[in-house]
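Q: I'd like to go over a predicted model; first the sequence, then the structure.
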Amino acid sequence: MFEYLSFFIILLVSVFFSALFNRLHLPFVIALIIGGILIGPYGFAVLEINQTIDFIGQIGLVFLMFIAGTEVKLSGFAKDKKNISIISILNGFIPFAVGSSIAIAFGLQPISAILLGIIFISSSVAVIIPSIEQTSLLKTRLGREIISSTIIEDIISLILLSLVLQKTNPLAHLPLPLFYTLLIIILVGLKTGIPKMEKLFNLLRKKKKELFDFELRLIVMLLIGVVVIFELLGLHPIIAGFFTGLVLSETIKSKELKQKIHAISYGLFIPVFFIVVGAETNITLLFHVNTALFLTIAIILGSFFSKFISGYLAGRLVGFKCKESILMGVATTPQLSTTLAVVFIGLELGLLNDSLLTAMVALTMFTTFIGPLLINLISQKIPKESLAK
């Protein structure tokens, strides 16, 4: 009975807060996290996170990373690969150094410093793509290079995360060379095998009218199957989810199928994850002048300015003008999917503490709110006719 009640409370909060924040023109994710904070143990304590809720939240996290993976089109990197490489390296290395330095300055363990550096590398494709699209810059060289470099940085951060997890908390004790050899073989096998598997299943079916429902079930089956295989190999489910989306990004061509995947993901599973994150956030740490408050301020300022400055420098280095480079800087500041995924895993494995979780949730809320506003404001000052296609 209480499991149903907890699930009902989560659904009620996700519907009510998302509708309320939509009227206030505030981001969907912020609504869910704030809702989770209010009903969680550090708020009004009306939600009990049991095993069932935790499991649904874990599925939501896998779906979140899967959708992030499907946003990646590897074929789009060839045109500007040199510039994208320069931007990715600069916009990743400087934030990594800043994040690690902040952790060390606050006396955190070396592993926590590495994880914070990895978090600083990533940005949020889910926030950046719609923000760039609204400014009509998506098909310009500037828009392409912002999005492509952000995707590369997310991939790098997840690969580094897999290395850290394999060293600190391996699910399977395999030598790293063998581990990554098997990983590459599996990814290549999926890339070539999934279209053939789909054709085989289609041959076995008789009713064509079930086309999209069947394909939706097939995609979900493949996603969960790959998660199981990767867990046996020793890779965390979120990394499995991302790489499955990456492999299927060129395969899923049906617009209706994509809409159905988004519907079940953002309609059910992903909101549960964000509310659980909010519920586990000890927001009371920010109401006292203590180390947690100063750590939060340092992380927000460090992440925002390291991303902005490195993005700006990278833009100037690859030939963009001042205003275009400023846009590149602010466009890489939003933190969301990969950030919360890494924090969630770090907390789960005891590699991060409550203070860091609270700081990272505050960072996510700040950057997902301010980032799109700055992107829209700065893009209006850039003459569209001056941009290279």
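A: Arrived safely. Note that the structure is predicted; figures quoted are calculated from it, not measured.
Q: CA only for contacts and neighbour counts going forward, please
A: Noted.
Q: So what's the gap between the strand or helix carrying E256 and the chain middle?
A: Per DSSP states H and E: E256 is located in helix 255-264. Put simply, helix 255-264 sits 19 Å off its chain's centre (Cα atoms, centre = their mean, to the nearest Å).
Q: could you give the mean pLDDT of it?
A: The pLDDT scores in helix 255-264 average 84.
Q: how about it: buried residues?
A: 257, 261-262 (16 or more other Cα atoms under 10 Å).
Q: Contacts for that helix next, please.
A: By Cα atoms under 8 Å, 6 or more residues apart in numbering, the residues outside helix 255-264 that reach it are 67, 212, 215-216, 252.
Q: So how do I select the buried members of those residues in PyMOL?
A: Of the contacts of helix 255-264, the buried ones go into a single PyMOL selection, burial set by 16+ other Cα under 10 Å:
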select buried, resi 67+215+216+252
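Q: moving C-terminal of the strand or helix carrying D213, what's the next helix or strand?
A: Using DSSP H and E, D213 falls within helix 211-233. Scanning forward in sequence from helix 211-233 by DSSP H and E, the next helix or strand is helix 237-248.
Q: Just want the angle from that next one to helix 211-233.
A: For helix 237-248 against helix 211-233, the angle by axes from the mean of the first three to the mean of the last three Cα atoms, to 10 degrees is 130 degrees.
Q: Leaving out the residues flanking it, which one is nearest to T367?
A: P334 (4.5 Å; Cα to Cα, 6 or more residues apart in numbering).
Q: er, M65 actually
A: F242 (4.7 Å).
Q: Just give me the neighbour total for the one you found.
A: 28 (other Cα atoms under 10 Å).
Q: Next: K381.
A: Neighbour tally, K381, other Cα under 10 Å: 11.
Q: Name the residues that touch stretch 128-137?
A: Residues contacting stretch 128-137 (Cα under 8 Å, 6+ apart): 138, 143, 147, 331-332, 334, 372, 375-376, 379-380.
Q: of those, closest to F305?
A: Using Cα to Cα, T332 is the member of those that lies nearest F305, at 10.3 Å.
Q: Tell me, how many residues neighbour the closest one?
A: Around T332 there are 31 residues (other Cα under 10 Å).
Q: That one is in contact with S148, isn't it?
A: No - with contact defined as Cα atoms under 8 Å, T332 does not reach S148; the gap is 11.0 Å.
Q: residues touching N83, list them.
A: Contacts for N83 (Cα under 8 Å, 6+ apart) come out as 145, 318.
Q: if we go to 10 Å?
A: Neighbour list for N83: 77, 145, 148-149, 314-315, 317-319 [criterion: Cα atoms under 10 Å, 6 or more residues apart in numbering].
Q: what's the distance between K196 and G241?
A: 21 Å (Cα to Cα, to the nearest Å).
Q: which of the contacts of helix 255-264 sit farthest apart?
A: Longest span within the contacts of helix 255-264, Cα to Cα: I67 and F212, 17.7 Å.
Q: and the helix holding E256, C-alpha only, in PDB?
A: Output in PDB follows, covering the C-alpha atoms of helix 255-264 (Å, rounded to 0.1, in the frame of the first residue of the first chain):
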ATOM      1  CA  LYS A 255       9.800  10.600 -35.900                       C
ATOM      2  CA  GLU A 256       6.700   8.900 -34.300                       C
ATOM      3  CA  LEU A 257       8.900   6.300 -32.600                       C
ATOM      4  CA  LYS A 258      11.200   9.000 -31.200                       C
ATOM      5  CA  GLN A 259       8.100  10.800 -29.800                       C
ATOM      6  CA  LYS A 260       6.900   7.600 -28.100                       C
ATOM      7  CA  ILE A 261      10.300   7.000 -26.600                       C
ATOM      8  CA  HIS A 262      10.300  10.600 -25.300                       C
ATOM      9  CA  ALA A 263       6.700  10.100 -24.000                       C
ATOM     10  CA  ILE A 264       7.400   7.100 -21.800                       C
END
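Q: any idea which helix or strand comes after that helix?
A: helix 270-279.
Q: tell me what that next one is packed against?
A: Counting contacts by 3 or more Cα pairs under 10 Å, 6 or more residues apart in numbering; DSSP states H and E, helix 270-279 packs against helix 2-23, helix 28-39, helix 51-70, helix 337-348, helix 354-379.
Q: V226 is nearest to which of those helices?
A: Per Cα to Cα, nearest to V226 of the helices and strands packed on helix 270-279: helix 51-70, 11.0 Å.
Q: can you pull the buried residues of the helix or strand following that closest one?
A: Scanning forward in sequence from helix 51-70 by DSSP H and E, the next helix or strand is helix 81-105. Counting neighbours by 16+ other Cα under 10 Å, one finds that the buried residues in helix 81-105 are 83-104.
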